[in-house]
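*Asks:* After the sequence you'll find the predicted model.
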Amino acid sequence: MIKSIILALEAYVRFSDRVATVTQIIETENASIAIWGVKPGQIVQGHFHPDGQDTWVMLRGTLTYYLGNGESQSLNAGEVAIAEKNQIHGAVNENSEDAVFVSIYSAPQIGYKKASP
């Protein structure tokens with residue numbers, strides 16, 4: 001029997017005055033889910049995942065989402081951004097309000113490598 005899990009996402013979000021903050025919500029054999037709190041001016045360092053896909057679901061606020069090779073676009077509440085395996089991605093909060101997004105990894109251990117600027 002498959003067990004359903006329902007989570008109140010906002011209960012997990014944390015913020016820091018220094019850096020964007022990631023909080024692990026759950027990890028299963030099939031996925032890992034984390035929530036990010038990004039205050040104005042904070043950065044989610046550009047990175048990529050060598051072993052899986054990273055899907056960001058914006059809950060509130062707006063981020064400038066970096067797609068690698070100098071490209072970026074606005075990522076707004078209610079939108080989803082999908083970074084395929086090995087695709088560079090990251091973000092900065094260039095707005096005056098906090099941003100919150102959920103990151104869903106296609107496998108619990110997809111790796112993480114910082115990208116060169």
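*Replies:* Cool, the structure landed. These numbers come from a predicted model, not from an experiment.
*Asks:* Check what pLDDT the residue nearest the centre of the chain gets.
*Replies:* By CA atoms, centre = their mean, the mean C-alpha position of the chain lies nearest to residue 103, the distance being 4.0 Å. As predicted, residue 103 sits at a pLDDT of 97.
*Asks:* roughly how far apart are it and residue 65?
*Replies:* Counting by CB to CB, to the nearest Å, the gap from residue 103 to residue 65 is 12 Å. (C-beta placed from N, C-alpha, C; glycine too.)
*Asks:* next one: the one helix or strand in the chain whose mean pLDDT sits lowest to chain centre, how far?
*Replies:* Lowest by mean pLDDT, DSSP states H and E among the helices and strands of the chain is strand 113-114, with a mean of 80. Centroid separation between strand 113-114 and its chain, computed with CA atoms, centre = their mean, to the nearest Å, is 14 Å.
*Asks:* Give the pairing partners of that strand; include direction for each.
*Replies:* According to DSSP bridges, strand 113-114 forms sheet pairs with strand 43-48 (antiparallel).
*Asks:* got a list of contacts for the partner strand?
*Replies:* Counting by CB atoms under 8 Å, 6 or more residues apart in numbering, strand 43-48 makes contact with 19-20, 36, 38, 63, 66, 68, 83, 86-93, 112-115, 117, all of which sit outside it.
*Asks:* Among those, name the buried ones.
*Replies:* Neighbour-count burial (16 or more other CB atoms under 10 Å) applied to those gives 20, 36, 38, 63, 66, 83, 88-93.
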